[in-house]
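Enquirer: Sequence below, structure please.
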Amino acid sequence: MGFFEELGYLTQVVRQLFPGKSHFSPDDIPDLTGQVIIVTGGNIGIGLETIKVLLQHNAKVYMASRNKDKATAAIQQLKEETSKEAIFLELDLSVLSSVKKAAEEFLSKEQELHVLFNNAGVMWCPIEWVTENGFDMQFGTNVVGHFLFAELLLPALFAGVNSSPDHHARVVTTSSSGAYLNTLDWDTFQESPKRKKTSSAVLYNQSKLANAIVARQIAKRYADKGIISLSLDPGGIDTELQRHSRIRRSIMRAVILHPAPMGALTQLWAGTMPEALNHNGEFLIPWARVGKCRKEAYDDELGQRLWAWLKEQVKL
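Expert: Down below sits the predicted model:
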């Protein structure tokens with residue numbers, strides 16, 4: 001890829017770090033009574049703020065999180081703030097057996113799912129970290145786990161289409177401005193000598209591009225069944241996602257990071273607003289605007305290859 005094309009992507013990242021004033025407010029969200037929603041990683045940061053707003057608008061929300069104690073504390077906090085109670089769903093996206101168990105648990109309780117927020121993620125973790133299934137920790141958690149979870153929940157999403165007032169169900173995937181910065185390197189998705197020589201930042205960026213690619217594939221494959229799939233850059237947000245790099249976090253916090261409620265805006269718009277139905281498969285940017293990801297996200301051949309690879313890895 002040419003120098004000027006990469007420079008263009010970098011310029012886009014900088015623009016999105018300073019998006020200006022939002023024209024969308026949570027107050028714009030319609031009543032969500034009767035809507036069943038899952039938010040992965042919802043016990044902290046953007047996910048927690050997303051659940052708070054959803055509860056305030058009367059949705060039934062499942063907080064899909066790895067740590068029960070932290071989730072229980074977050075659910076209590078939300079109850080005190082909203083007088084509504086989220087429901088804990090145990091989910092460790094880095095462990096495929098946990099993903100399958102979580103999907104089974106949800107489907108045993110609910111027949112319908114109206115919105116799935118693929119919000120959880122890990123960022124800049126130590127290079128030594130790999131999942132128990134042998135994936136790079138960031139790719140395994142951010143991409144593989146969410147892919148499997150969404151696929152297993154399709155029966156409930158399809159049922160949600162039939163009961164939704166707008167006759168659609170939605171899958172909203174949190175990507176990042178990092179999606180602009182690196183393309184896919186297939187030799188680093190799993191444990192390998194090359195992966196160990198690749199920086200954690202690059203591995204994170206490719207996982208976020210993969211999120212956008214998979215989200216577009218979901219839109220293409222299931223649009224005729226009423227599924228709306230969007231990916232998004234939530235903006236530069238001050239959350240525990242940056243906990244693995246304190247120095248970088250301190251610098252970013254001083255210059256570009258916004259509070260967590262701002263990070264929830266774009267995905268709340270994607271998951272709740274009628275206008276979002278007109279943008280199936282698109283990439284959203286701060287705050288609640290339609291943008292463009294890097295060109296690989298729109299490469300159908302690449303998307304089909306990644307989809308086939310993921311299906312093989314999770315044995316679907």
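Enquirer: Residue 231 against residue 280, yeah?
Expert: No: Residue 231 is beyond contact range of residue 280, at 11.2 Å (criterion: C-beta atoms under 8 Å). In short, each C-beta sits where N, CA and C put it, glycine included.
Enquirer: So for these two, which residue has more residues nearby?
Expert: residue 231 (30 against 19; other C-beta atoms under 10 Å).
Enquirer: Find the nearest non-adjacent residue to the more buried one, please.
Expert: Nearest non-adjacent residue to residue 231, counting by C-beta to C-beta, 6 or more residues apart in numbering: residue 215, 3.7 Å away.
Enquirer: That neighbour: which element?
Expert: helix 200-222 (DSSP states H and E).
Enquirer: So for that helix, mean pLDDT?
Expert: Taken as a whole, helix 200-222 has a mean pLDDT of 98.
Enquirer: All the helices of the stretch 201-316 of the chain, residue numbers only.
Expert: Ranges of helices within the stretch 201-316 of the chain are 246-255, 260-272, 300-314, based on DSSP state H, counting those that start in this stretch.
Enquirer: among the ones you listed, which is the most enclosed?
Expert: Greatest average neighbour count among those goes to helix 260-272 (a mean of 25), per mean count of other C-beta atoms under 10 Å.
Enquirer: What's the mean pLDDT across that helix?
Expert: 94.
Enquirer: That helix - contacts with which helices or strands?
Expert: helix 45-56, strand 115-118, strand 169-174, strand 227-232, strand 283-285 (3 or more C-beta pairs under 8 Å, 6 or more residues apart in numbering; DSSP states H and E).
Enquirer: Out of the ones you listed, flag the one nearest residue 19.
Expert: Ranking these by proximity to residue 19 (C-beta to C-beta) places strand 283-285 first, at 7.2 Å.
Enquirer: How far away from the center of its chain is the closest one?
Expert: A distance of 12 Å separates the centroid of the chain from that of strand 283-285, by C-alpha atoms, centre = their mean, to the nearest Å.
Enquirer: strand partners of that strand, parallel vs antiparallel please.
Expert: When pairing is defined by DSSP bridges, strand 283-285 lines up against strand 227-232 (parallel), strand 289-291 (antiparallel).
Enquirer: tell me the most buried of these?
Expert: Buried most deeply of the strands paired with strand 283-285, by mean count of other C-beta under 10 Å, is strand 227-232, with a mean of 27.
Enquirer: Next, the angle from that one to helix 200-222.
Expert: 160 degrees (axes from the mean of the first three to the mean of the last three C-alpha atoms, to 10 degrees).
Enquirer: would you put the C-alpha positions of strand 227-232 in PDB?
Expert: Provided in PDB are the C-alpha atoms of strand 227-232 (Å, rounded to 0.1, in the frame of the first residue of the first chain):
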ATOM      1  CA  ILE A 227     -30.200  -8.500  10.600                       C
ATOM      2  CA  ILE A 228     -28.500  -5.100  10.700                       C
ATOM      3  CA  SER A 229     -24.800  -5.200  11.500                       C
ATOM      4  CA  LEU A 230     -22.700  -2.200  12.100                       C
ATOM      5  CA  SER A 231     -19.100  -1.700  13.400                       C
ATOM      6  CA  LEU A 232     -17.800   1.500  14.900                       C
END
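Enquirer: which residues of the chain score low on pLDDT?
Expert: 1, 4, 238-258 (pLDDT under 70).
Enquirer: Next up, the contacts around residue 228.
Expert: Residues near residue 228 by C-beta atoms under 8 Å, 6 or more residues apart in numbering: 168-171, 219, 276-277, 280.
Enquirer: how about a cut-off of 7 Å?
Expert: 168, 170, 276-277, 280 (C-beta atoms under 7 Å, 6 or more residues apart in numbering).
Enquirer: for residue 286, same thing?
Expert: 16, 19, 233-235, 266.
Enquirer: swap the cut-off to 6 Å and go again
Expert: By C-beta atoms under 6 Å, 6 or more residues apart in numbering, residue 286 lies in contact with 16, 19, 235, 266.
Enquirer: ok, and the most crowded of these?
Expert: residue 266 (27 neighbours).
Enquirer: isn't it right next to residue 288, touching?
Expert: Yes: if you go by C-beta atoms under 6 Å, residue 266 and residue 288 touch, sitting 5.0 Å apart.
Enquirer: related to what we said a few turns ago, for residue 2, find the nearest of the helices of the stretch 201-316 of the chain.
Expert: Nearest to residue 2, of these and by C-beta to C-beta, is helix 300-314 at 18.3 Å.
Enquirer: Output the contacting helices and strands for that closest one.
Expert: Helices and strands touching helix 300-314, by 3 or more C-beta pairs under 6 Å, 6 or more residues apart in numbering; DSSP states H and E, are helix 200-222.
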